[in-house]
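**Q** Quick one, fold the following:
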Amino acid sequence: SFDSGQDNKEGLRVGGRIDAGSLNTESDCSDLSEDEETLYRDDRTERTMRTIKTLRVPEGEVTIIYTDVQGSTSLWEADPLAMKKATDIHDSIIRKCYADHGGYEITTEGDAFNLAFQHPADAIGFALRAQMDLYEAEWPEGILN
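**A** Numbers count the residues shown, from 1 in each chain. Here you go, the predicted model:
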């Protein structure tokens, strides 16, 4: 699930300037079977990655969002293959949603994203759309048990 940051003490709006960021558009699928890699690199993912490559770094005062998958460590321990598939689905949804709302991926670590938006309304739109898309996604068996 998408952690909306209920315990996030920083809040959603952070003033500041982003001078540099990085965007990793390549993914190592070496540990996936051919069928799993095909699923990972479906048309939607490829379109999303092309869109992401055209995004610009927000400037001036920006809105920062941090995301994290709640309870992911125990899910990885319980079923690593299902969690790999779920993480790919999660990442694709997050990347599509922030691309659709003018966001920029500053960093990722594991299943956590650090995103920047030029306007607070874009950040809120991203968060709401991401929640809905994650809720409606078809997750691998065993992830939601």
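
**Q** Which residue, neighbours along the chain excluded, lies closest to residue 119?
**A** Spatial nearest neighbour of residue 119, excluding adjacent residues (C-beta to C-beta, 6 or more residues apart in numbering): residue 63 at 6.8 Å. In short, each C-beta sits where N, CA and C put it, glycine included.

**Q** and the gap between that neighbour and residue 131?
**A** Distance of residue 63 to residue 131, computed by C-beta to C-beta, to the nearest Å: 17 Å.

**Q** Next, the buried residues of the longest helix anywhere in the chain.
**A** Scanning the chain for the helix with the most residues, using DSSP state H, yields helix 80-100. Residues of helix 80-100 classed as buried: 82-100 (neighbour count, 16 or more other C-beta atoms under 10 Å).

**Q** Also stretch 100-111?
**A** 100, 101, 102, 103, 104, 105, 106, 108, 111.

**Q** Select, from those, the two members most distant in space.
**A** With distances taken as C-beta to C-beta, the most widely separated pair in those is 102 and 111, at 22.6 Å.

**Q** what's the spacing between residue 81 and residue 142?
**A** Remark: distance between residue 81 and residue 142 (C-beta to C-beta) = 9 Å.

**Q** residue boundaries of the strands in the chain?
**A** In the chain, the strands defined using DSSP state E lie at 63-67, 103-109, 112-117.

**Q** got JSON lines for the ones you listed, with distance to residue 135 too?
**A** Formatted as JSON lines, the strands of the chain follow (distance: least, C-beta to C-beta, whole Å):
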{"stretch": "strand 63-67", "distance to residue 135": "14"}
{"stretch": "strand 103-109", "distance to residue 135": "19"}
{"stretch": "strand 112-117", "distance to residue 135": "17"}
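
**Q** With distance to residue 57 and mean pLDDT as new columns, can those strands be given to me in CSV?
**A** Formatted as CSV, those follow (distance: least, C-beta to C-beta, whole Å; pLDDT from 0 to 100):
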stretch, distance to residue 57, mean pLDDT
strand 63-67, 13, 95
strand 103-109, 6, 92
strand 112-117, 7, 96
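
**Q** Appreciated, that's everything.
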